[in-house]
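Enquirer: Provide a 3D model corresponding to the input given below.
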Amino acid sequence: MVGQQQVADAAATAARRVPVPPAKPLLRTVGANLMEVFFPDDPFRAVARDQGGGRRALAALRYVFPFLEWLPSYTLGELWADVVAGVTVASLAVPQGISYAKLADLPPIMGLYSSFVPALVYAAMGSSRELAVGTTAVGSLLFAAMLGEEAPPGEKPELYAALAFTATFFAGALQAGLGVLRLGFVVDLLSHAAIVGFMGGAATVVCLQQLKGMLGLRHFTTSTDVVAVVRSVVTQSHLGQWQSVVLGGAILFFLLLVRFIGKRKPRLFLLSAAAPLMSVIFGSLLVYLVHGENHGIQVIGALKKGINPPSARDLLLSSPHTAVALKTGIITGIIGLAEGIAVGRSFAMLKNYNVDGNKEMVAFGLMNIVGSCTSCYLTTGPFSRSAVNSNAGSRTAMSNAVMAAAVALTLLFLTPLFHYTPLVVLSAIIISAMLGVLDFGAAARLWRVDKIDFCVCVGAYLGVVFGSIQIGLAIAVGISILRILLFAARPKTTVLGKIPSSTNFRRMDQYTAAQAVPGLLVLRIDSPIYFTNASYLRERIMRWISYEEDRIKAEGLESLKCLVLDMGAVAGMDTSGTKMLEDLKKNLDRSGVQIALANPGSEIMRKLDKSDVLGLIGDEWIFLTVGEACDYAQRTCKIGIGMDVVECVAVVDPEDMV
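Expert: Numbering: from 1, shown residues only. Model (predicted):
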């Protein structure tokens, strides 16, 4: 008896056009799904390939410390290229570091500190060859805006610095945690459109904030919205210093001119990279020679000599101010990850190699954790430095170590030379860098390609400019998540028609040649069927049927006898999905309409079989292609042969089941 049942089951399986895959052990299925979610790049493959415990341990170390991959084969030629690139980047990092530290309302020396220790950490842990780490204008502005409310830097400088270190520590802990837990997809919630709008808005705000330095004002609003900044400029316009305006305008014109020349003639990129340092040297000499301090030109003042002092004891991990540091760290940490990983992947694509996003998260996290303990604030991979690093011929992450060495020499011996550096020059450097972040071309492409993405971009931009950076970020993430939910909860269903003289079925709203098959309605579902959209899909399919019946009645055509669902794009299904198909089958049975499924995947077949929906629909109504489903329905349901038959015939030809 058992043997006969096995033979019958085997015959039934052989008769199926679309077989039900064999069941897999639960633990193996769960493990495979978790592996795909958290380890899509299969990081253990390189370790598993090696034979022997020692070789595998070395492979694991190479995975954790990427510098072990390139160091054994490192050549003198590559070292020379990295030295040139590192020194070139350092010429940009020094003035930028000082400028961005002032933007963050931190002592200028901390900008140099933040270009030393974190760069050494990234040289050992980073997987990008072109990324040059350092502080950014957006992160600096966020620190000033969010931490300044809790501890005004002019009134409580020590508390403000401690909050900056603490926020950097939390940012690093978040980044490293996301990388270790393989949660890199969290950063993808910030879409390209959101990043373009957010960075553009932040760049606008940063430029407006620099009007304080360009005009030589002593006092300025701490708000970041455009209304407050414009009001502050208008009400204090009579207090401006014409000397600062002239010097700042000249330096800004020089920087923009050199950048324009560098873009037109790539061979002169070194001139563009060195322009900020040249501006600092020229401005400092001018102020020193004409005694600019006595003529209303503000200068940096004395900078301490020496490399990074420890700051681990300054971390406020259990303080009334910890909450604001945690909030600042989370926001700036995510933004820093999004910017740094995007920059690293962009250059990796140009050089035809891959950058592991999760390993980059760990590298960013560790360099910020270590940096928070060595008087540094938030660092990531800014585009400007990375572009200079790439153009200068960087071969490996060693260029970051060379940059760190150059910055260390500056800290040990050259800091007194920056005493007379005018603040207006730093403002001009920041404005020049931020104008490059305003990507109007990207916004125009978003408008042409996807209007919703353009709305996300504009929403983020307006939120930053007229509200605050936090509001702009919340709008960008909120619109992106809302779009994801709408795609999941309201998937598309499209009507397919047959292309004449072929067996192909295509969308009727796209292909004018596609024609409806009399008595059949062919629908394609373009999404997995889950609890979020099961009810909607059932109602939408019934609405399609109602529309089709109205059209048939108006044109006097043959009544609807079969619904064919193209399941090729349905990648997954849960119990709500199977219940939806069960309810749909029962509703159609009451209307005398047969249902057929075309091209269901293995997971769908397994779910339908386990839920008994497969038996309810019938194996004979499951097909490999839409064409086969329509041909079978036409023959079985007597469609188009002049017979007034509504119900489908249950008896089928055995040859049709093969």
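Enquirer: which residues sit in contact with the closest residue to L446 other than its chain neighbours?
Expert: Distances taken as C-beta to C-beta, 6 or more residues apart in numbering put F454 closest to L446, at 4.3 Å, once the chain neighbours are dropped. For every residue, glycine as well, the C-beta is placed using N, CA and C. Listed by C-beta atoms under 8 Å, 6 or more residues apart in numbering, the contact partners of F454 are 193, 443, 446-447.
Enquirer: What strand or helix carries F454?
Expert: helix 451-466 (DSSP states H and E).
Enquirer: Pull out the buried positions in the helix or strand just after that helix.
Expert: Counting by DSSP H and E, the next helix or strand C-terminal to helix 451-466 is helix 469-489. Buried positions in helix 469-489, judged by neighbour count with 16 or more other C-beta atoms under 10 Å: 469-473, 475-477, 479-480, 483.
Enquirer: Compute the number of surrounding residues for L366.
Expert: 21 (other C-beta atoms under 10 Å).
Enquirer: thinking again about what came up before, pick out whichever of the buried residues of helix 469-489 sits closest to Q96.
Expert: I469 (19.7 Å; C-beta to C-beta).
Enquirer: show me what contacts that closest one?
Expert: 138, 141-142, 145, 198, 201-202, 205, 224.
Enquirer: Now do the contacts for V299.
Expert: 287, 292-293, 419-423.
Enquirer: Could you pick out the buried ones from these?
Expert: Of the contacts of V299, these count as buried by 16+ other C-beta under 10 Å: 287, 292, 420-423.
Enquirer: Check the offset of stretch 427-445 from the chain's centre.
Expert: Taking C-alpha atoms, centre = their mean, to the nearest Å, one finds stretch 427-445 lying 19 Å from the centre of the chain it belongs to.
Enquirer: Give me the buried positions along it.
Expert: 427-435, 437-439, 442-443.
Enquirer: Kindly report the same for stretch 154-169.
Expert: Neighbour count says stretch 154-169 has 159-169 buried, by 16+ other C-beta under 10 Å.
Enquirer: Which residues does that stretch contact?
Expert: Counting by C-beta under 8 Å, 6+ apart, 104-107, 110, 143, 146-148, 150-153, 311, 314-317, 321-322, 324-326, 328-329, 332, 368-369, 371-373, 375-378 sit against stretch 154-169.
Enquirer: And stretch 260-273, by the same measure?
Expert: 88-89, 91-92, 258-259, 388, 391-392.
Enquirer: Need the distance between the two termini of it.
Expert: One end of stretch 260-273 sits 12 Å from the other (C-alpha to C-alpha, to the nearest Å).
Enquirer: Would you indicate which residues of it are buried?
Expert: Buried, per 16+ other C-beta under 10 Å, within stretch 260-273: 262, 269, 272-273.
Enquirer: Now do the strands in the protein.
Expert: Assigned by DSSP state E, the chain shows strands spanning 493-498, 505-507, 520-525, 562-566, 594-598, 622-623.
Enquirer: Next, report how far the fourth one is displaced from the centre of its chain.
Expert: Average the C-alpha atoms of strand 562-566, do the same for its chain, and the two points are 38 Å apart (C-alpha atoms, centre = their mean).
Enquirer: CA atoms only: put it into CSV for me.
Expert: Taking C-alpha atoms only, strand 562-566 is exported to CSV below (Å, rounded to 0.1, in the frame of the first residue of the first chain):
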residue,chain,number,x,y,z
CYS,A,562,-10.3,32.7,-16.8
LEU,A,563,-7.9,34.9,-14.8
VAL,A,564,-4.2,34.3,-15.4
LEU,A,565,-1.8,35.6,-12.8
ASP,A,566,1.8,36.1,-13.9
